[in-house]
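K.L.:
what shape does this take:
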Amino acid sequence: MLIADEFFLIAHNDTRGKAKLHPAAAGLGLAAGLLGELILYGHITVSSGQVAVIDRRPPGDALAHTVLDQLIGEAQHQAVRTWLSFLAQTSVTSVAERLARAGVLRRQESRRLLRTVVTYQPNDLNVAAWPATRLRALLERADPPSVPDAVLLGLVAAAGLTREVLWSAGPRAHHRLNLIIPALPAPLKELVAHTEAAVGAAVLRGIP
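P.N.:
Residues are numbered from 1 along each chain as shown. Presented below is the predicted three-dimensional model:
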């Protein structure tokens with residue numbers, strides 16, 4: 001499962017699909033996950049607060065391809081914070097639809113107060129709960145995590161979801177988390193830092 005997909009499942013209720021954190025934090029965390037995927041694919045990099053496209057070839061994933069096209073088409077905008085804010089507007093729906101296409105979630109529509117409300121609910125509760133369980137077990141082990149897992153852990157911490165992963169973990173897991181994020185490759189470490197700052201600013205301003 002891709003970074004943004006696992007972040008979505010950690011950030012949403014296993015049964016009802018309801019977000020466990022501030023909507024702005026969920027959107028920004030998922031936006032960062034999408035940018036992180038492109039960094040790991042080798043299509044973009046992040047340095048000094050700027051996003052730069054380094055490989056224009058289309059990624060295999062359709063959503064990653066869409067995000068890369070947006071970055072290329074709006075090349076005059078390079079600030080990481082600008083792209084986090086922009087992608088956060090649609091990231092929840094975009095990632096949920098990707099998970100629905102993969103059969104992990106199902107799209108549900110309901111009428112409330114003369115409007116249609118769309119939610120995404122898991123088809124298998126074990127699959128939905130697995131990312132948080134997997135990360136918790138990973139932090140309890142001595143082996144270093146893969147870079148994608150370290151990025152996911154960084155975004156979980158940046159968005160304020162640490163409790164969802166570490167709620168039953170021991171001191172070793174907490175200590176290891178504090179060591180893993182600073183050891184990320186520079187572009188990914190910077191992405192996590194900008195995400196944490198953007199989440200903090202959005203929640204402070206009360207952005208929905």
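K.L.:
tell me where the model's unsure across this structure.
P.N.:
Low-confidence segments of the chain (pLDDT under 70): 206-208.
K.L.:
so which residues of the chain form strands?
P.N.:
Assigned by DSSP state E, the strands in the chain fall at 44-47, 50-53, 105-112, 115-122.
K.L.:
direction included, what does the last one pair up with?
P.N.:
Looking back up the chat, that one is strand 115-122. strand 105-112 (antiparallel) (DSSP bridges).
K.L.:
what sits against V92?
P.N.:
By C-beta atoms under 8 Å, 6 or more residues apart in numbering, the contact list for V92 reads F8, A19, P23, A26, G27, L30. Just so you know, the C-beta spots here come from the backbone N, C-alpha and C atoms, and that holds for glycine as well.
K.L.:
buried members of those into PyMOL, please.
P.N.:
In PyMOL, a selection of the buried entries from those looks like this (16 or more other C-beta atoms under 10 Å):
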select buried, resi 8+26+27+30
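K.L.:
coming back round to it: name the stretch among the strands of the chain that sits most buried.
P.N.:
strand 44-47 (a mean of 19; mean count of other C-beta atoms under 10 Å).
K.L.:
CA atoms only for that strand - export them in CSV, please.
P.N.:
Extracted C-alpha coordinates of strand 44-47, given in CSV (Å, rounded to 0.1, in the frame of the first residue of the first chain):
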residue,chain,number,x,y,z
ILE,A,44,10.4,15.4,-7.6
THR,A,45,12.6,16.7,-4.8
VAL,A,46,12.2,19.2,-2.0
SER,A,47,15.0,21.7,-1.0
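K.L.:
understood, closing this out.
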